[in-house]
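Q: Predicted coordinates and the sequence they were generated for:
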Amino acid sequence: MSDSDMDLPVDPTQNEASPQELIQALPTRAARRRVLQAAEISIDVDDKNFESFLDELSEVELRRAASELRFAGEPTVYYYRVDGLHRLSSDDALGRSNNESSSGAYGPDVETAIRDHDRIYVICQVPETGSQTQLTLAPDDRETTVATFKPRSQLLAVRASDTETADATASAVSKYYEMDGTERISFLDAGTRGRFEDACVDGYSTLQLRNLNSQDNTREIEIRSKEPDGKRISDVRHDPIVEDLVRRGDTELAAATGLVSVPTVVQSPEDGEPLHPRVTVRFSEGSVTFEQFVPESILIEFDNIVRESL
């Protein structure tokens, strides 16, 4: 299970919580520790005076910590190529009126765009199904989603709860910036999976394959490692039987769960080594789900890995 139940992302247009309150709202000490490490703040989260230490931080330190958790949590990130996005500068991305793309009750809204971590974050409100045909829509039926990109690059990363909501978000962002040609990536395309796995995958503990032969009774094949889940996993990809299944023309990789390496200052409390987040990759739909709370800096570095793998 994930160690975070916090309602994130926190919509900066609606939320007025202080950085101290946001940090204290994190449900576990592990989550607090990751945020503070990412912000390069040395406070012992196990100390009984933790709240007092937070109050003694400077405004600069508090803002740095808050920016590490504002859009984080336990996101699923969907990745898109957007034609023309690489021509958009940071100033151009921030210089538009929010009224230009408002869809009212009928579809997704772009609420605001902000700059942080040398990225542009576009905050959207999207109906639960991704679209809406009713004349009225309660605020509770809309989901806050976040789309982010590095200016002058073509990759858009969308944090949303499901494929339809992510697609609606990407479409809203594309419309907002008057662009066409939005396409969700597939990790199965043209060597992308190999480059991605070489760059960051420590190993997969589970693997799901889809049977492409419609005449067979078997729809999916699930493979699990012999060893229980833990920090060190037995990579199922090295099994000759698995290698054969993956290479077959009548099977397709559907999903895999494993550990990834991400350049970061965030460390595991057990041994002080860099944190290796557990993720689930869904190959054809171009999504990655983080199975634990990770701060913003890890999500940014992971986006960089995906962009360089394309």
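A: Sure thing, it's come through.

Q: Across the sheet, point out what pairs with the residue most central in space within the chain.
A: What sits nearest the mean C-alpha location of the chain, by Cα atoms, centre = their mean, is Val77, with 3.4 Å. For Val77, the beta-bridge partners are Arg159, Val288 (DSSP bridges).

Q: Settle this for me: it is touching Ile298, isn't it.
A: No - the pair formed by Val77 and Ile298 falls short of the contact definition of Cβ atoms under 8 Å, at 11.2 Å. Every C-beta, even on glycine, is put in place using the N, C-alpha and C of the backbone.

Q: What are the buried residues along stretch 243-252?
A: In terms of neighbour count (16 or more other Cβ atoms under 10 Å), stretch 243-252 has its buried residues at Leu245, Thr251.

Q: could you pull out the strands for the stretch 1-150 of the chain?
A: 76-82, 109-116, 119-127, 142-149 (DSSP state E, counting those that start in this stretch).

Q: Mind giving me the packing neighbours of the third one?
A: Right, the one you point to is strand 119-127. Strand 119-127 is packed against helix 90-94, strand 109-116, strand 142-149, helix 163-176, with contacts defined by 3 or more Cβ pairs under 8 Å, 6 or more residues apart in numbering; DSSP states H and E.

Q: buried residues in the longest one?
A: Within helix 163-176, the residues that qualify as buried by neighbour count (16+ other Cβ under 10 Å) are 163, 165-176.

Q: can you check the shortest one too?
A: Within helix 90-94, the residues that qualify as buried are Ala93, counting by 16+ other Cβ under 10 Å.

Q: Need the contact partners of that helix.
A: Here helix 90-94 makes contact (Cβ atoms under 8 Å, 6 or more residues apart in numbering) with Ala113, Ile114, Arg115, Ile120, Pro151, Tyr177.

Q: Burial check on the last one, number of neighbours?
A: Just to be clear, that refers to Tyr177. 23 (other Cβ atoms under 10 Å).

Q: circling back to that earlier point, select only the buried ones of the contacts of helix 90-94 in ChimeraX?
A: Selection of the buried residues among those in ChimeraX, burial being defined by 16+ other Cβ under 10 Å:
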select :113,114,120,151,177
